[in-house]
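>>> Predicted coordinates and the sequence they were generated for:
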Amino acid sequence: MARFSVAGFNKNYFAKGAGIIILLFLTGFTSVCVCSQTKILSLNSYHNGYKWTDPIVYAERDIFTRATRDLEFYVEYMDTKRVSGDEYFSHLKQIYKIKYSRLKLDLIIASDDDAFRFLLKYKDEVFPSVPVVFCGVNDFNPSMIAKRDDFTGYMEYLDAESTISLMLKLHPQTKRIFVISDCTVTGFAHRKSVQDISAKYPKINFIYLNGEDLTTAMLIQRVQQLKNGSLAIFTVWNTDKKDVFVSESDVISLLSANSPVPIYCLSDSWLGLGIVGGKLNSAAMHGKIAAQIGIEILNGKKPSEIPVEQRSPNQFMFDYNALKKWNIDFSLLPAQSVIINIPSSFYHKYKRLIWIVVSLILVQAIIIVELCLNIIRRKKAELSLVETERKFRMILENSSDILIFLDLKKMKYEYISPALHKITGYTPEEITAIGPLNIKEIIHPHDIESYMNRREKILGLKTGEEPNLYLEYRMKTKSGEYVWLSDEPKLVWDKKGAPEILVGSVRDITYKKIAEEKLKKQTEKLIESNAELERYTFIASHDMQEPLRIITTYLNIIYEKYASVLDPEAKNYIDRSIDNSVRMRRLIKDFLALTQLSKTPPKIDCIDCNKTLNKVLSELEPAIKESGADILIEPLPHIYADENLFITLMHNLLENAIKFRDYNRPLKIKLSVHKSNGNWIFSLRDNGIGIDSKFKERIFLLFERLSTRKNFFSTGIGLAIAKKIVENHNGRIWVESEQGHGSIFHFSIPIIKE
Ligand code: ADP
């Protein structure tokens, strides 16, 4: 370990000039240039590597680097623990003058008393007009900077009272406290901080182990001899009685190893070397606060505007190993205490690895769970598949139809249901052996062509085509008879769109075919007998007219020829006979017209209703004249209809309007037409006797008559014929009427030809 004494340095080694050159070298002189960055000098009383100074510099650099983008940070260590004195300061002044003369500094941070005092003395000469922030100064008096507006900062404050109170709380049997301090400025200041509050503890004997009285070896010896009931406070120890520099780290390690009683301290710089702890003055905090004040100045504040802080922050800090060594109850430590050297648990030591392993295990576990779930799901699916298959097999095997799966690519039956055996006598295996290509051998010769045509059609189909594949054919059973079968296959398509599987459902329709055949024969018979009946009716009706005509003629002859000899009663009988035979002829004629309507379909043409109606009016001219009817016919359209039938329809309706007129008022008839829902609606209105509403439907039935008029023959067929004609034209006929107030007969005829 290198140890330099101030005396040695002064007397023996360096001449003034040489000293300056060597100090330039020691302080890491480099030529500086003036540039635009923020330039800050950290001027430290002590040396680089010193446990108190290093955290200050580190904290300053950290704070300024964060706050300033373009920073040039210069650090100077005055090394006054090893070398000190006016001559040394004077040399330093020269060095700094040379070094910083061309450099325009923005700020100086001075740590501890020597740097502060150096600047008080030489700043105007070396660093004119550069603002200074000082920290860690024990020996401060406001008068020191009373006439200066370029200095601010804060004092070092040692909270010896809190530390001693805690020591006594943790070690209540304590009678003596040994205070260790050297003879440096810092040593005196620290010693004083204890002396100032010692009076507050009258029962405690404070014994001071001072650097001016003891060598380091003597100090160790004294500490070794401490007895129970004693405690020690280490403040600072760099030089001893012989003015030999010694590093605190070495001294503290030795003291801790040799002391039979716990040692406390006042600064966090000494923690971790065996000392228990205390309410500690923090070097890092000093650096941090000084830098923060510096930033305020860089931002434009004048140092004189920032008052000097009288106290610096301290906090309770302890070393875990020392606490354990002295068996100190952790629960007695103040809340928020910082404890260093807490052994990290296995978890803390391998936290990253543990989390990686845990994550991997977790991922693996998730994968395993997912796989298990998959297996369970698959098992469930398999079971439900088995169940579904069982159900489908039951359906297939119990179906009365033959269900077939035919592979169209291989031309092979994949499955034939057992119903085949019941219907054809063949087993599925036998038909599978015959195969789809040879199946035509057992198809009825008349049906082979249609059967094979359908197969060709199926094989040529493409996806999306859905032609009718229904077919009925006969198949020879095993016993040699034929059964009628029907099927309409469904197709399963391959990816290219060609039919791949044919699913057929073949049904035995033999009974249906027999029934159809029977029905066909019966229908044919019925049609034949109907036609025969119609023929007979026609002939009978036709032939009946002639004798009736002869009877009427002869009755008329008798009436005219023997009119003079016939008495009124005989004449009446002849009149009534003629009336009835005329009526009979009209009945037959109407009846024939009605049967004719059922037989022949209407011949639809485009007809001009105006012209057609003129024909009807001329037919009815005598009756119109005789009734004196006032007939208004609105313009009529061209319609699609059978002209003759339309004439008959209008004839019947107009004739009724005349026939059923009310003799108490002049007859008025009006024919109008309008369009509705794709139909022409014809409306024939009269002011005749009207119809009781309960007969509105019945009057259209065959032979329905509500009243008979003497002058007219009524057959009850006229409206039945009208209804038939309208219906043959896909129309409808209905009546609106009120008895005594006339009637309106409506009928519809589609506008478009149907
Ligand atoms: P017919 O005219 O031969 O009696 P229809 O079938 O033509 O037979 O008429 C059936 C019945 O409907 C008639 O008997 C009559 O009572 C009633 N009828 C038909 N048209 C009219 C009408 N315009 N006014 C009043 N009653 C009518």
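Happy to help now that I have it.
>>> what's the residue nearest to Ile439 when sequence neighbours are not counted in contact with, if anything?
Counting by Cβ to Cβ, 6 or more residues apart in numbering, Ile439 lies nearest to Ile431, which is 7.3 Å off, once chain neighbours are set aside. For every residue, glycine as well, the C-beta is placed using N, CA and C. Residues near Ile431 by Cβ atoms under 8 Å, 6 or more residues apart in numbering: Tyr413, Ile416, Leu420, Thr424, Ile439.
>>> For the last one, which three-state class applies?
It stands for Ile439. Under the three-state scheme (DSSP: H, G, I helix; E, B strand; the rest coil), the conformation of Ile439 reads as helix.
>>> That one: neighbouring residues, count only.
17 (other Cβ atoms under 10 Å).
>>> Check the fourth one too.
Using other Cβ under 10 Å, the number of residues around Thr424 comes to 22.
>>> do the first one as well
In terms of burial, Tyr413 registers 21 neighbours under the definition other Cβ under 10 Å.
>>> How about it, nearest residue that isn't a chain neighbour?
Tyr413 sits nearest to Thr432 (Cβ to Cβ, 6+ apart), 4.7 Å away.
>>> tell me the secondary structure for that neighbour?
Thr432 is classified as helix under three-state DSSP.
>>> hang on, it packs against Met411?
No - with contact defined as Cβ atoms under 8 Å, Thr432 does not reach Met411; the gap is 11.7 Å.
>>> Comparing the two, which residue is more hemmed in?
Neighbour totals were compared for Thr432 and Met411, and Thr432 leads with 16 against 12 (other Cβ under 10 Å).
>>> What about the closest residue to the ligand within the chain, how many residues nearby?
Nearest residue of the chain to the ligand, counting by Cβ to the nearest ligand atom: Gly718, 2.5 Å away. Neighbourhood size, Gly718 [other Cβ under 10 Å]: 22.
>>> Nearest residue to it in space, please, no chain neighbours.
Asn652 (4.2 Å).
>>> Contact partners for the one you found?
Gly718, Leu719, Ile721, Ala722 are the contacts of Asn652 under Cβ under 8 Å, 6+ apart.
>>> average model confidence for the host helix or strand of the last one?
The reference is to Ala722. Secondary-structure element containing Ala722, defined by DSSP states H and E: helix 718-728. Helix 718-728 carries an average pLDDT of 93.
>>> Kindly report the same for stretch 747-754.
Stretch 747-754 comes out at a mean pLDDT of 87.
>>> next one: stretch 202-217
pLDDT averaged over stretch 202-217 gives 95.
>>> can you list contacts of it?
Residues outside stretch 202-217 that contact it (Cβ under 8 Å, 6+ apart): 164, 168, 174-184, 187, 191, 194-195, 198, 219, 222-223, 237-242, 244, 246, 251, 254.
>>> quick one: terminal-to-terminal distance for that stretch?
31 Å (Cα to Cα, to the nearest Å).
>>> For Pro467, see how far away the residue nearest to Gly718 is.
51 Å (Cβ to Cβ, to the nearest Å).
>>> all helices for the stretch 401-550 of the chain, in order.
419-424, 428-438, 445-459, 510-561 (DSSP state H, counting those that start in this stretch).
>>> Which strands or helices does the first one pack on?
It stands for helix 419-424. Packing partners of helix 419-424 (3 or more Cβ pairs under 8 Å, 6 or more residues apart in numbering; DSSP states H and E): strand 402-407, helix 428-438, strand 482-487, strand 499-508.
>>> picking up where we left off before, just the buried ones from the contacts of stretch 202-217, in PyMOL syntax?
Buried subset of the contacts of stretch 202-217, written as a PyMOL selection, criterion 16 or more other Cβ atoms under 10 Å:
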select buried, resi 164+168+174+177+178+179+180+181+182+183+184+187+191+194+198+219+222+223+237+238+239+240+241+246+251+254
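>>> Now do the host helix or strand of Asn656: distance to the chain's middle.
Asn656 is part of helix 643-659, with elements assigned from DSSP H and E. How far helix 643-659 lies from its chain's middle: 75 Å, per Cα atoms, centre = their mean, to the nearest Å.
>>> quick one: that helix near the ligand?
Yes - counting by Cβ under 6 Å from any ligand atom, the ligand is contacted by helix 643-659 at Asn652, Asn656, Ala657.
>>> Report the buried residues of that helix.
Within helix 643-659, the residues scored as buried using 16+ other Cβ under 10 Å are 643, 645-659.
>>> Now do the helix or strand just after that helix against helix 643-659: the angle between them, please.
Scanning forward in sequence from helix 643-659 by DSSP H and E, the next helix or strand is strand 668-676. Calculated by axes from the mean of the first three to the mean of the last three Cα atoms, to 10 degrees, strand 668-676 forms an angle of 140 degrees with helix 643-659.
>>> Quick one: mean pLDDT over strand 668-676.
96.
>>> which residues touch that strand?
609, 613, 629-634, 636-637, 654, 657-658, 680-687, 748, 751.
>>> wait, which of the helices of the stretch 401-550 of the chain is closest to Asp62?
helix 445-459 (87.2 Å; Cβ to Cβ).
>>> For that closest one, buried residues please.
For helix 445-459, by 16+ other Cβ under 10 Å, it's Asp447, Tyr451, Arg454, Arg455, Ile458.
>>> In contact with the third one, which residues?
Same thing as Arg454. Counting by Cβ under 8 Å, 6+ apart, Arg454 has contacts Leu469, Leu471.
>>> partners of whichever helix or strand comes after the helix holding Ala722, with directions?
Downstream of helix 718-728, the first helix or strand assigned by DSSP H and E is strand 733-737. Taking DSSP bridges as the criterion, strand 733-737 forms sheet pairs with strand 743-750 (antiparallel).
>>> Tally up the residues packed near the closest residue to Ile402 other than its chain neighbours, please.
Using Cβ to Cβ, 6+ apart and skipping the chain neighbours, the partner closest in space to Ile402 is Val506 (4.0 Å). By other Cβ under 10 Å, 23 other residues sit near Val506.
>>> any idea how far Lys478 is from Val506?
16 Å.
>>> again, but for Leu107
The value you get for Leu107 to Lys478, if Cβ to Cβ is used, is 118 Å.
>>> okay, these two: which has more neighbours?
Set side by side, Leu107 and Lys478 show more neighbours around Leu107, with 23 against 12, by other Cβ under 10 Å.
>>> And that one, how close does it get to Met285?
19 Å.
>>> Could you dump the contacts of Ile431 into TSV and include distance to the ligand and pLDDT?
What follows is the contacts of Ile431, written out as TSV (distance: Cβ to the nearest ligand atom, whole Å; pLDDT from 0 to 100):
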residue	distance to the ligand	pLDDT
Tyr413	68	94
Ile416	65	94
Leu420	63	94
Thr424	61	94
Ile439	64	92
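>>> what's near enough to touch the residue of the chain closest to the ligand?
Gly718 neighbours (Cβ under 8 Å, 6+ apart): Asp590, Asn652, Glu655, Asn656.
>>> Go through those residues and name the one nearest Leu385.
Asn652 (74.4 Å).
>>> so the helix holding Ala722 versus helix 643-659, what angle?
Going by the same axes, to 10 degrees, helix 718-728 makes 150 degrees with helix 643-659.
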